[in-house]
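K.L.:
Sequence isn't available, so here's the structure alone:
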């Protein structure tokens, strides 16, 4: 893997930065679409950031934004610690350009155990993730079973989700689960392999039931409880965002 640095546009929920990154950082920032995102990369050296754009100011600035971070070293699951959390902040209006979280296993030879509460209910499942990028090769599970299903929650084992068939609210199969991950807002998403073989992501709070299969809820219901959801592409942006970080459309 090359260590050569390249200037890239890295998007956040409140804007973007132009920064030089290496191949490994570029892979972390790639969430499966055409754009690269800042949150999965974490904290960059401010000297590598040449300029940034703030959605609140609606203006581009030369130089890096302010970077504030802390090291809580908080145990969020068995054998998993929240090592660092931080923000990229606009120097002009103090709006958040992007946020990030960095997790570390205390023992790399041991799997991650049960999750502990972390900030918001939707983020507790994050603590069960053992790798930042989806790389697990899985096989599809058998077809739909008539056995009862349970509501998804922090205690749901990641290994029991991988490979499950995913059905929408109309009982149409849309793909199979590959891995749980986080998007650029540090929101939990379910990464799936769609029917055409491409990858996509589904917000964790769009999942209604998990059992022998994964059932999704009605988009109409989800839209009413998701502030910042883009009406153009359906991406769930951070509350308060003015532009969709997936397609760039202005939010209502």
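P.N.:
Arrived safely, thanks for sending. Being a predicted model, the structure only gives us computed values, none of them experimental. Numbering: from 1, shown residues only.

K.L.:
first vs last residue of stretch 167-179, how far apart are they?
P.N.:
Between the start and the finish of stretch 167-179 there is a gap of 16 Å, counting by CA to CA, to the nearest Å.

K.L.:
For it, buried residues please.
P.N.:
Buried residues in stretch 167-179, counted by 16 or more other CB atoms under 10 Å: 167-168, 174-179. The way it works is simple: take the backbone N, C-alpha and C, and place the C-beta from them, glycine included.

K.L.:
roughly how far is that stretch from the heart of the chain?
P.N.:
Centre-to-centre, stretch 167-179 and its host chain are 19 Å apart (CA atoms, centre = their mean, to the nearest Å).

K.L.:
if we can go back for a sec, mark which of the buried residues of stretch 167-179 are part of strands, please.
P.N.:
Among the buried residues of stretch 167-179, the members found in strands (DSSP state E) are 167, 174-179.

K.L.:
how close does the closest residue to residue 242 other than its chain neighbours get to residue 6?
P.N.:
What sits nearest to residue 242 in space, not counting adjacent residues and going by CB to CB, 6 or more residues apart in numbering, is residue 55, at 4.7 Å. Here the distance between residue 55 and residue 6 works out to 24 Å (CB to CB, to the nearest Å).

K.L.:
What segments of the stretch 151-252 of the chain are helices?
P.N.:
Defined through DSSP state H, counting those that start in this stretch, the helices belonging to the stretch 151-252 of the chain, from first to last, are 158-161, 219-224.

K.L.:
Pick out the shakiest of the ones you listed, pLDDT-wise.
P.N.:
Least confidently modelled of the helices of the stretch 151-252 of the chain is helix 219-224, at a mean of 43 by mean pLDDT.
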